[in-house]
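*Asks:* Turn this into a structure:
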Amino acid sequence: MRETAFANDPPARAGTPLPARRVPYIPIVALGAGLGSFLSLTFVLCVLFDLWFPALAMNPAWSPLLPGFTWISWSSFVLGLVETFAYGWYIALVFGPLYNFFAKRLA
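*Replies:* Just a heads-up that it's a prediction; the model follows:
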């Protein structure tokens, strides 16, 4: 059986169709976990640096950024870890939805 084109048929498309462009989306939970872990790891590395090189210590810069943090006790260290992880989540909860909103609107 042979197919024939009729006058009312839509024109045939040539070639391979291109995929539709997807709007970039940032998953908030993954962003929060990633940023929180990154900032906590950075905090640990900074504490280790300050312990190895006390003359170059950066801990005076942390006082305004980490409320309640004092140099250095175990409770203060844990507090610094918790606060840096919370800062990562704060950034994710503010930046992620804003990015997703504008990426969707401007695409």
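*Asks:* Summarise which helices and strands the stretch of helix or strand V29 belongs to is packed against.
*Replies:* Counting by DSSP states H and E, the element that carries V29 is helix 28-52. In this structure, helix 28-52 makes packing contacts with helix 74-106, judged by 3 or more CB pairs under 8 Å, 6 or more residues apart in numbering; DSSP states H and E. From N, CA and C alone the C-beta is placed, and that goes for glycine too.
*Asks:* returning to what we had before: let me know the angle separating the helix holding V29 from helix 74-106.
*Replies:* 140 degrees (axes from the mean of the first three to the mean of the last three CA atoms, to 10 degrees).
*Asks:* Just the mean pLDDT for helix 28-52, thanks.
*Replies:* In this model, helix 28-52 carries a mean pLDDT of 96.
*Asks:* neighbouring contacts of the helix or strand that it is followed by?
*Replies:* Using DSSP H and E, the helix or strand that follows helix 28-52 towards the C-terminus is helix 59-62. By CB atoms under 8 Å, 6 or more residues apart in numbering, the list of residues contacting helix 59-62 from outside reads C46, D50, F69, W71, I72, G80.
*Asks:* tell me which residues of helix 59-62 are tucked away?
*Replies:* Judged by neighbour count (16 or more other CB atoms under 10 Å), helix 59-62 contains these buried residues: N59, W62.
*Asks:* same question, stretch 45-56
*Replies:* Here stretch 45-56 shows C46, V47, D50 as buried, counting by 16+ other CB under 10 Å.
*Asks:* Equivalent analysis for stretch 100-107, please.
*Replies:* Buried-residue list, stretch 100-107, by 16+ other CB under 10 Å: N100.
*Asks:* same question, stretch 34-47
*Replies:* Within stretch 34-47, the residues scored as buried using 16+ other CB under 10 Å are L35, G36, L39, S40, F43, C46, V47.
*Asks:* would you list those in JSON lines and tack on distance to V94?
*Replies:* Output for these, formatted as JSON lines (distance: CB to CB, whole Å):
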{"residue": "L35", "distance to V94": "11"}
{"residue": "G36", "distance to V94": "13"}
{"residue": "L39", "distance to V94": "14"}
{"residue": "S40", "distance to V94": "18"}
{"residue": "F43", "distance to V94": "20"}
{"residue": "C46", "distance to V94": "23"}
{"residue": "V47", "distance to V94": "26"}
